[in-house]
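# Here is a sequence together with a model predicted from it:
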Amino acid sequence: MLKFVGKRLLAGIALVAALSVLTFFLLQTGSSDTARRIAGQSATEEAVAQVEARLGLDQPVMQQFLNWAGGALRGDFGVSWFNGQPVTDAVLSRISVTVSLAVGSVVLTALIGIVLGALAATRRGWLDRTVQFLGVLGQAIPGFLMALFLVIVFAIKLDWFPATGYTKPGDSVNEWLLSITLPVVALTIGSIGGVAQQVRGSMIDVLNRDFVRTLRSRGLPVRRIVFRHVLRNAAGPALSVLGLQFVILLGGAVIVEQLFSIPGLGPLALTSTSLGDIPIVMGIVIMTAIVVTIVNTLVDIAQAWLNPKVRLS
Amino acid sequence: MSTATTPVDTAPSDTRAPRAHLLRRLMANPLGGPAIVFLLFVAVVAVIGPFVAPNDPSATSLQNIFAPPGDGLVLGGDSAGRDIFSRLLVATSFSIAGGLLVAAVASAIGVTAGLVAGYFGGWVDTMGSWFTALTMSLPSIIVLIAARSVIGPSMWLTMAIFGVFISPVYYRVVYNSVRAVRNELYVDAARTSGLSTPRIIGRHILLAVRAPVILLTSGIIAAGIGMQAGFDFLGLGDPTIPTWGQMLNEGFYNINRSGLLVLWPSLALGLTLIALTLLGTALRDELEGTGDERAKKLPAWTPSQESDPLLTHGEPVPDPLLEVDGLAVAYEGKTYWTTVVHDARLRVARGKTHGLVGESGSGKSQTAFGILGLLPMGGRVVDGSIRFDGQELVGLSYDDMNKLRGHRIAYVPQEPMSNLDPAFTVGSQLTDPLVIVQGLSRAEARERAISLLGLVGIPDPQRTFDSYPHQLSGGMAQRVLIAGAVASHPDLLIADEPTTALDVTVQAEVLDLLRDLQQELGMAILIVTHNFGVVADLCDHVSVMRKGVIVETGAAEDVFREPKHPYTQSLFDAIPSGAPRAPLPGVTSSGDLGTGSLS
């Protein structure tokens, strides 16, 4: 098991490293005339050269990369080209909001999706059709369209929730809950169906396995078999799909944040990409990738742990 | 699932039209038909929209700002006084084009790379899995936002990048299909018959991946349209190109001035995406035959064949423990029943061993599952009666049947490894029924389980108790399953081919164990087997089953001496000459294996 965890961690680190190299060269070398844009159209050649020197843009690309990578290894992703704010601070303060939205949605999705999927697998009938309907809905309707609909109905027409704005949990827990309810619900509705369908499918697979018949022959009640044995054996595929959903929800959160004016990664990404503030954009890409890679690694380790063959080797 | 569940009756084959009529079948599908009609409508709008739009979709006009519908503006004007109707027509064109571009780029890259990597492996394979891992580590919207900081607001480039990013979806599906097909015989045959490699790929593999690729494409187009709408909704798109996303953005930020602004693009986007998804669902149903046509058309089951008369030897068993009469087991299909057991009659005497013999697929396992009330999904006892110690079992509820299962009736399966839950230790699987069903305490159950493991001849019970199934050999696993079955001191043990999956030497040990346990516990055994050696070794009585019908029954000795049915005779002839037909039943076994631990 330790060996597996070690291997998986190394793979994750290699992935983030490869992604950093790729992003750096695609973004840094792709943007042109940076110093002129920063200094302003009317700036003198001298002023432009000064900016270039200050940002290190006059150095060879390889040197620039080494500087950046050296800093990144120490957790320093440089400073914004436009306002000089450290990238690490700017991104970390925003990404925590976005990740909490995504985590909240994933937890809600897992709870509802697993229960719905388990019921659909064992009961069939109308529940089964509900799960299929939710699956189609979630697959078809992007999160932001759902959010748009929820805002119009519940915030603008009914005025139950604030349409925009965000309260920090430190300021008022109640207000915070109100401000994130609609975004989380919008994100969750879209992902429940997929998870429920996966849980349903893998539970039906397990229900058809030989050992379930043998357990039944021992006189065990169906509920005991479903909750102890079937759910446990179906947990692996369910975990995988939840890991995938997390990435999708993270992306969805970026758009939904903009809709609700929540100060997460979304608004920061929008302003920095429009400005061409490459250090911030790079920071967003790399730190998001780190978060996703950590989640994916945890999912893989949990999968392995669920399997005694891997756990005991 | 054991192989014995294969139905014997040849069911009417699938009479649906071949693939050439896929479109017709889709149109008839309750989801597919409306979806196709709507998508055709959208396609027509997308093609002719820009040409029939009454006004320039980007022309602003001060007097038309938030103009109500009418007066040359079918749907009114937006916040810049542009004609909403014209914008909607042109936006449909660009939105659909964006989705198609994504699918085109993604399929071109994904399918090609998947074909090459799947067929040749090597560095393309490695690159492919790395690229797939990379795309899994970032939400695509982040990538598109990052790309925009370099390429600027370009709709076509953005969609093309999204196509590249999403191409692993095709890659994985094509790769897996190619891998599966590659090693199949017909490709090998094509290779040895001298066809060139490209032709092998072209002919066979493209055929195999066609269905999944068609299926994916509807989903990818939808993903492209949705992503473009989201991107443009954020205000990142090219402002000179009207799209649904831009109209949504404009409508949302002016929601207090005019609610209708947001309605039209939402409807267009939502309905198109739902139609594409439903088309995908319908396609999958038709291509994979997974459609959920409920068994409404299924008629009531009727006896499907004349059964041979049952040939009997000697007097019937007096006061049998198990009496089966006229038993029929059938599986429900979409429009017909598949009957696997027909008019079966069986008598199992108390404390004796009864062999149920027949070739695989003859319905003997189905009979056993029918008695246990554990038929696989879709299977049902459709006729006849099963009486256990005088109690009728047919029609009993699952809970009532559970009062017998695990108490008086027990089951030993065929394949030991697949019948233990891989996620739990042997000990926990043995003790759980003892606690839940027999009502023992955890400590009592543990003690009992360990003594049971000793009883079935396991040398180190404590160690096996703590083991996971994958740490056991097949023979050990089968002993564990037998221990679990006899834990409740059952009156009837139903053993379904208990030795078939085991090594020859282990087979003999397990048979000895069953015989010893029977003498120790005085239970009746119904043993399902295709092996007359097992019958000769173990059984007092035997019933011969053929094509779902029991054709001959009697004391094993009599059937061996004088088989009446030609099928029984042919089964005897099939035993390789030189194989031991003796010892005949009734002769006491000299096997002493495991008896030491029986005391």
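Everything's here; your move.
# Next, give phi and psi for B:Pro563.
Taking degrees, to the nearest 10, you get phi -60, psi 130 for the backbone angles of B:Pro563.
# does the closest residue to it other than its chain neighbours sit in a helix or strand, and which one?
Spatial nearest neighbour of B:Pro563, chain neighbours left out: B:Gln569 (4.8 Å); criterion: C-beta to C-beta, 6 or more residues apart in numbering or on different chains. Just so you know, the C-beta spots here come from the backbone N, C-alpha and C atoms, and that holds for glycine as well. Element membership for B:Gln569 (DSSP states H and E) is helix B:566-574.
# Quick one: distance of that helix to the chain centre.
When distances are taken as C-alpha atoms, centre = their mean, to the nearest Å, helix B:566-574 is centred 37 Å away from the chain's centroid.
# hang on, the earlier thing: what's the neighbour count on the residue nearest to B:Pro563?
13 (other C-beta atoms under 10 Å in any protein chain shown).
# Same question for B:Ala485.
B:Ala485 has 26 nearby residues by other C-beta under 10 Å.
# contacting residues around it?
B:Ala485 sits next to A:217, B:410-412, B:493, B:495 when contact means C-beta atoms under 8 Å, 6 or more residues apart in numbering or on different chains.
# again, only using 10 Å
By C-beta atoms under 10 Å, 6 or more residues apart in numbering or on different chains, the residues touching B:Ala485 are A:214, A:217-218, B:406, B:409-413, B:452, B:456, B:493-495, B:498, B:517, B:523.
# For stretch B:318-325, could you pull out the residues that count as buried?
Neighbour-count burial for stretch B:318-325 flags B:320-324 (criterion: 16 or more other C-beta atoms under 10 Å in any protein chain shown).
# Going by distance to chain A, which of those wins?
B:Leu322 (15.4 Å; C-beta to the nearest C-beta).
# surely the closest one meets B:Ala524?
Yes - B:Leu322 is within contact range of B:Ala524, at 7.2 Å (criterion: C-beta atoms under 10 Å).
# any common contacting residues for the two?
Joint contacts of B:Leu322 and B:Ala524 (C-beta under 10 Å, 6+ apart) are B:348-350, B:354, B:409, B:491-492, B:494.
# Could you dump these into CSV and include pLDDT and secondary structure?
CSV is the format used below for those (pLDDT from 0 to 100; DSSP: H, G, I helix; E, B strand; the rest coil):
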residue, pLDDT, secondary structure
B:Val348, 90, strand
B:Ala349, 89, coil
B:Arg350, 88, coil
B:His354, 91, strand
B:Ile409, 91, strand
B:Asp491, 90, coil
B:Leu492, 92, strand
B:Ile494, 92, strand
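# Contacts only, for the residue in the stretch 101-250 of chain A that chain B sits nearest to.
Sorted by distance to chain B under C-beta to the nearest C-beta, the residues of the stretch 101-250 of chain A start with A:Gly219, at 2.1 Å. Shown in contact with A:Gly219 (C-beta under 10 Å, 6+ apart): B:401-410, B:433, B:436-438, B:488.
# Now with 6 Å, please.
Contacts here follow C-beta atoms under 6 Å, 6 or more residues apart in numbering or on different chains; on that basis A:Gly219 touches B:402, B:405-406, B:437.
# Report the separation between it and B:Ala556.
As judged by C-beta to C-beta, to the nearest Å, A:Gly219 and B:Ala556 stand 31 Å apart.
# Could you check the pLDDT of the closest residue to B:Pro69 other than its chain neighbours?
Counting by C-beta to C-beta, 6+ apart, B:Gly76 is the residue found nearest to B:Pro69 once chain neighbours are left out, at 4.5 Å. Listed pLDDT for B:Gly76 reads 75.
# go on, A:Ser191?
86.
# Kindly report the same for B:Ser599.
At B:Ser599, the model reports a pLDDT of 32.
# Just to check, B:Leu526 is in contact with B:Val348?
Yes - here B:Leu526 reaches B:Val348: they are 5.4 Å apart, a contact under C-beta atoms under 6 Å.
# could the shared contacts of B:Leu322 and B:Ala524 go into JSON lines alongside distance to B:Met377?
Listed next are the shared contacts of B:Leu322 and B:Ala524 as JSON lines, based on distance: C-beta to C-beta, whole Å:
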{"residue": "B:Val348", "distance to B:Met377": "27"}
{"residue": "B:Ala349", "distance to B:Met377": "33"}
{"residue": "B:Arg350", "distance to B:Met377": "33"}
{"residue": "B:His354", "distance to B:Met377": "28"}
{"residue": "B:Ile409", "distance to B:Met377": "21"}
{"residue": "B:Asp491", "distance to B:Met377": "28"}
{"residue": "B:Leu492", "distance to B:Met377": "25"}
{"residue": "B:Ile494", "distance to B:Met377": "20"}
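# backbone phi and psi for the closest residue to B:Phe369 other than its chain neighbours, please?
Closest residue in space to B:Phe369, ignoring its immediate chain neighbours: B:Leu375 at 4.8 Å, by C-beta to C-beta, 6+ apart. The phi and psi torsions at B:Leu375 (degrees, to the nearest 10) take the values phi -70, psi 150.
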